[in-house]
Every structure is written in structure tokens, then in C-alpha cells.
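Enquirer: Next input, structure requested:
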Amino acid sequence: MSLLNDIIRKPAPAAPKGIIYGPPGVGKTTFGGSATNALIIDCENGAGAIPCQRTPYLATWPEILSWLTAIKTEEHPYQTIAIDSLDWLLRRIEEHVSGCAAGKTESTLNRSHGGYGNGKQVLKNYVYQVLLPLLDNIVNRGIAVI
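Expert: Residues are numbered from 1 along each chain as shown. Below is the predicted model:
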């Protein structure tokens, strides 16, 4: 069987995914919350004044992971999730990887997982092997990710 038989000849639209970038107060959260059937994934605790549907403040990576997994697997009306904000989500993963989230405030990525920057590799693994595939699964379900 030839690989040429697998050529895709028609467009296959998917749910959009994108990053909104700008300084504080410019309206990024308001924009995300105004999308069709949107749910704000509140990693920053800054969406309280925005008229939108949102999660409770998610202060740890396990909390964020639980909510994203629920969006991926459970039935719900949401057509868009807006992560508020990506930098805070990544910080929560960093805290989880380094051990800071467990109250070890002296922990750093450089000193975790045997030192010599190993924690940075573990952080990268979480992003590439857990977070991005999870977001792809959400998009493949027809839910836009902002």
C-alpha cells in the first residue's frame, strides 16, 4: 500500500487555539470570557471582576490538571476554555516540579531532581508530555483553547 493513498484532499477545520498577549489591564481576560460558551481557567486569581463563568482560583498544578482533565473527559456546555494566564499556569508546574508547592521555599528548578539543571528538563517534560497533549485532546474534542 502506498503512502500516497493517505493524502488528505479536503480541509478539516478544528477548534482554534491561540495566545493573547498584552500588558495588564488591556482586556485579555475579558476577551477570553466573551468567547462562545467560555470557561476561564483561573490560574491567576484575577478574573473576579469579569462577568464570566470561571473555575475557582487554582493555586496548584494538580488542581489545574484536574480541571483540564475534566474539560477533556466530562460532558459540559463549554466551547472555549481561556487559561488565565499561561505564565501563571507554567509557574504552577514549575512549583510542582521544584518542590516549592510542598512548602520547600528554598527549592529551585536548578537544585531539584539531582541538581545540574535537571529540574528544568523535568519541567520541559511536564509541558511537552502532559500539558500540550492534554490541550490538544481538548481541541480535538472541538473546544477552543485561548
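Enquirer: what about the residue nearest to the spatial centre of the chain, helix or strand, and which?
Expert: Residue closest to the mean C-alpha point of the chain, counted by Cα atoms, centre = their mean, is residue 83 at 5.8 Å. In the assignment (DSSP states H and E), residue 83 maps to strand 80-84.
Enquirer: residues contacting the residue nearest to the centre of the chain?
Expert: By Cβ atoms under 8 Å, 6 or more residues apart in numbering, residue 83 lies in contact with 41, 43, 89, 145, 146. C-beta: built from backbone N, CA, C; applies to glycine.
Enquirer: and the first one, bridged to which residues?
Expert: Just to be clear, that refers to residue 41. Beta-bridge pairing for residue 41 (DSSP bridges): residue 83.
Enquirer: Run a quick neighbour tally on it.
Expert: 24 (other Cβ atoms under 10 Å).
Enquirer: So which residues of the protein form strands?
Expert: 38-42, 80-84, 144-145 (DSSP state E).
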